[in-house]
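Asker: A structural model of the following input is requested.
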Amino acid sequence: MQSVSGLSRTARGPSMSAGPDKVEVQGVTEVRGEKVFVLRFLQGRNPDWVQRPFFARFDPKATWLDQLRPALGEDRFFFEDEYEAMLAAPGAAA
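Answerer: Here you go, the predicted structure:
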């Protein structure tokens, strides 16, 4: 999955193009008593992010990735530090 083009990747639900790359909303569930969005990268600025599930707090008003907050007591999403470092690198494209 990490080595094929975006045309070869399919999503079963809503997806969005965001700064870190393409994210699929796989659904809403409850984990440890918290209602969460289940998300995964279809494409990522780092190919190691692809297919890795992550969770955001459920927010019925959120319409984009940057409006979501990490779930389950996390302060940041797993990719945020690396993504910010990529943006700070000389010659980086946003």
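
Asker: surely Phe55 is in a strand?
Answerer: Yes - counting by DSSP: H, G, I helix; E, B strand; the rest coil, Phe55 is found in a strand.

Asker: my guess is it contacts Ala71, does it?
Answerer: Yes - judged on CB atoms under 8 Å, Phe55 makes contact with Ala71 at a distance of 4.0 Å. All C-beta atoms are positioned from the backbone trio N, CA, C, and that covers glycine.

Asker: Met16 against Phe37, yeah?
Answerer: No - counting by CB under 8 Å, Phe37 is not a contact partner of Met16; they are 11.5 Å apart.

Asker: more neighbours: which of these two?
Answerer: With neighbours defined as other CB atoms under 10 Å, Met16 and Phe37 compare such that Phe37 has more, 20 against 16.

Asker: quickly list what the more buried one is bridged to.
Answerer: Val28, Ala56 (DSSP bridges).

Asker: got a list of contacts for the lowest-mean-pLDDT helix or strand in the chain?
Answerer: Least confident helix or strand, the chain: strand 15-18 with a mean of 86, by mean pLDDT, DSSP states H and E. Residues outside strand 15-18 that contact it (CB atoms under 8 Å, 6 or more residues apart in numbering) are 22-25, 42, 64-66.

Asker: highest neighbour count among these?
Answerer: Result: Val23 is most packed of those (other CB under 10 Å), 26 neighbours.

Asker: quick one on the thing from earlier: what touches both of Phe55 and Ala71?
Answerer: What both Phe55 and Ala71 touch, as defined by CB under 8 Å, 6+ apart, is the set 31, 36-37.

Asker: out of these, who's nearest Asp75?
Answerer: Using CB to CB, Val36 comes nearest to Asp75 of those, at 15.4 Å.

Asker: what's the burial count for the closest one?
Answerer: Neighbourhood size, Val36 [other CB under 10 Å]: 21.

Asker: likewise for the one 5 residues further on?
Answerer: Applying other CB under 10 Å, we find 26 other residues in the vicinity of Phe41.

Asker: list the buried ones in the helix or strand where Asp81 lies?
Answerer: Using DSSP states H and E, Asp81 sits within helix 80-88. Buried residues in helix 80-88, counted by 16 or more other CB atoms under 10 Å: 83, 86.
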